[in-house]
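1. This is a predicted model, with the sequence first.
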Amino acid sequence: MIKKRKIWLFIPLIFVLSFAFGVFAQEGGPPYTVGLSNGPFTHSWRVQMIESVQQEFEFYKEQGLVDKLIIQNAGPDVNTQIAQIRNLISSDVDLLLINPNSSTALNPVMEEAQEAGITVVVYDMPIDNEKVLDVFMNQDWWMAPLTEWFCEKLGGKGNIVYISGIADQPGNIERDLSAEKVLAKYPDIKVLAKANGNWDQAAAQQVMSDLLASFPQIDGVLTQDGMSLGIIRAFEAAGREIPVITGETQIAFIKKWKEMKDSTGFDTVGIVNPPGYVNNALGIGLRLLQGKKLKDEVLVNGHIIYMKPNLIVDNNNIDEIYEQYKDWADSYYVNSWYTQEELDALFE
């Protein structure tokens, strides 16, 4: 199918922004070709994210809205991702979904895509580009309550370590800033060290083992998703008592959490960050291609749509969550995405 592109010589800024967001329907109409540019693909959350978008793509394909999905995984390298986005532009995609490796470095290539008439939607990570629609979990809404629970569970004092995610990823940077902001309210909590576990169980277990060798007293471990189980295994291997640790919603940890709660009264909290939220960006992008317009009140700063965590797991509901997900693969996460009705509600 030959896709037609819009060409203009001069349009006022408001119309340029509208076109960038895909407010004007694609002239060729459906079915649309979708390109997805992903960064790191080394941890299970990203694997499940890709599986989720492939699943939802089939739903839209049955509706006749899409015909082809092209996925490229760049790893953490920015230049590789730029080159792959140019490949997707050359592939004549109609909708380009980007999980960015940088908050700024992709701006020129995203502009190239928009100039080619492609609707661009960034997801999962914050970017510094007011001309591109950005759909992502507000990381402060995710990290701040987790850190608050942690500090309160410690009684506002103690020696802790912080196991962060992948250092240069925009979402991880936002989480770090959120954690630091909350910790600043608790002067009697001393951060002994910060290390990067890269959202990976094995990596987190290794860095935690190194920290255990360096610090004889660790009262708590603040961490993010994909790493809690590895941290607990490090304490178990060292024969050390498990301190206060923030939890998560990866299935392997859900199973461990349930086991430890039943045997020792272990208490933690986990906030979902669903891999399936990529499908919110997909659904929004396809609606934009059809000429639908987002409600003004949905947009923050004119180009951001914040996704909210829709589930907090704690000792009050862990039994229920365990029963719901106990047959899922250990590497998966508690998952969901917006319904078609919830996506429709974002539009006029």
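-> All right, it came through fine.

2. Okay, and the beta partners of L95?
-> On the basis of DSSP bridges, L95 is bridged to V34, T119.

3. how far away is it from D200?
-> Per Cβ to Cβ, to the nearest Å, L95 is found 30 Å from D200. Where you see a C-beta, it was placed from the backbone N, CA and C, and this is true even at glycine.

4. more neighbours, these two?
-> L95 (24 against 21; other Cβ atoms under 10 Å).

5. That one touches Q290, doesn't it?
-> No - in this structure L95 lies outside contact range of Q290 using Cβ atoms under 8 Å: 10.8 Å.

6. so where's the chain uncertain?
-> 1-27 (pLDDT under 70).

7. So for it, the centremost residue is which one?
-> Nearest to the mean C-alpha position of the chain, by Cα atoms, centre = their mean, lies D124 at 4.0 Å.

8. What's the biggest helix in the chain, counting residues?
-> helix 44-62 (DSSP state H).

9. who touches it?
-> Applying Cβ atoms under 8 Å, 6 or more residues apart in numbering, the set of residues contacting helix 44-62 from outside is 31, 34, 36, 38-41, 66-67, 69, 71, 73, 97, 99, 124, 199, 225-226, 250, 273, 275-276, 278-279, 282-283, 286, 331-333, 335, 337.

10. And for stretch 126-136?
-> 16-17, 20-22, 100, 103-104, 106-107, 110-111, 114, 120-125, 139, 170-171, 174, 280-281, 284, 288, 301-307.

11. Pull out the buried residues from that stretch.
-> 126-127, 129, 131-136 (16 or more other Cβ atoms under 10 Å).

12. Determine which two of these are furthest apart.
-> K131 and F136 (16.2 Å; Cβ to Cβ).

13. what about stretch 242-250, start to end distance?
-> Taking Cα to Cα, to the nearest Å, the first and last residues of stretch 242-250 lie 19 Å apart.

14. For that stretch, which residues meet the burial criterion?
-> 243-250.

15. Show me which of the residues you listed is closest to P187.
-> Of all the buried residues of stretch 242-250, P187 sits closest to V244, with 17.8 Å by Cβ to Cβ.

16. Run through the helices of the chain in chain order.
-> Here the chain has its helices, by DSSP H, at 13-20, 44-62, 78-90, 107-115, 139-153, 170-183, 201-214, 228-238, 251-264, 278-289, 318-325, 340-344.

17. Make CSV out of the ones you listed and add mean neighbour count and distance to G220.
-> CSV is the format used below for these (neighbours: other Cβ atoms under 10 Å; distance: least, Cβ to Cβ, whole Å):
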stretch, mean neighbour count, distance to G220
helix 13-20, 14, 45
helix 44-62, 18, 24
helix 78-90, 17, 34
helix 107-115, 18, 39
helix 139-153, 20, 6
helix 170-183, 19, 11
helix 201-214, 18, 12
helix 228-238, 20, 11
helix 251-264, 18, 16
helix 278-289, 24, 32
helix 318-325, 15, 20
helix 340-344, 12, 36
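
18. Could you export these as TSV, including distance to L311?
-> Shown next, in TSV, are the helices of the chain (distance: least, Cβ to Cβ, whole Å):
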stretch	distance to L311
helix 13-20	33
helix 44-62	16
helix 78-90	31
helix 107-115	32
helix 139-153	12
helix 170-183	18
helix 201-214	21
helix 228-238	16
helix 251-264	12
helix 278-289	15
helix 318-325	8
helix 340-344	15
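
19. Figure out which of those is closest to K295.
-> helix 340-344 (10.8 Å).

20. Skip the chain neighbours and tell me the closest residue to F235.
-> Nearest residue to F235 in three dimensions, chain neighbours excluded: I242, at 4.9 Å (Cβ to Cβ, 6 or more residues apart in numbering).

21. thought that neighbour was touching R233?
-> No - here I242 does not reach R233: they are 10.1 Å apart, not a contact under Cβ under 8 Å.

22. Against N279, how distant is the closest residue to K295 other than its chain neighbours?
-> Nearest residue to K295, sequence neighbours excluded (Cβ to Cβ, 6+ apart): E348, at 5.6 Å. Using Cβ to Cβ, E348 is found at 21 Å from N279.

23. picking that back up, now do the residue nearest to F235 against P170, distance only.
-> From I242 to P170 the distance is 32 Å (Cβ to Cβ).

24. Need phi/psi at I242.
-> phi -80, psi 120 (degrees, to the nearest 10).

25. Wait, F215 touches N159, no?
-> Yes - between F215 and N159 there is a contact at 7.1 Å, judged by Cβ under 8 Å.

26. okay, those two: which has more neighbours?
-> Set F215 next to N159 and count neighbours by other Cβ under 10 Å: N159 wins out with 17 against 13.

27. Show me what that one is bridged to.
-> K190.

28. Let me see the contact set for it.
-> Residues in contact with N159, defined by Cβ under 8 Å, 6+ apart, are 190, 192, 215, 217-220.
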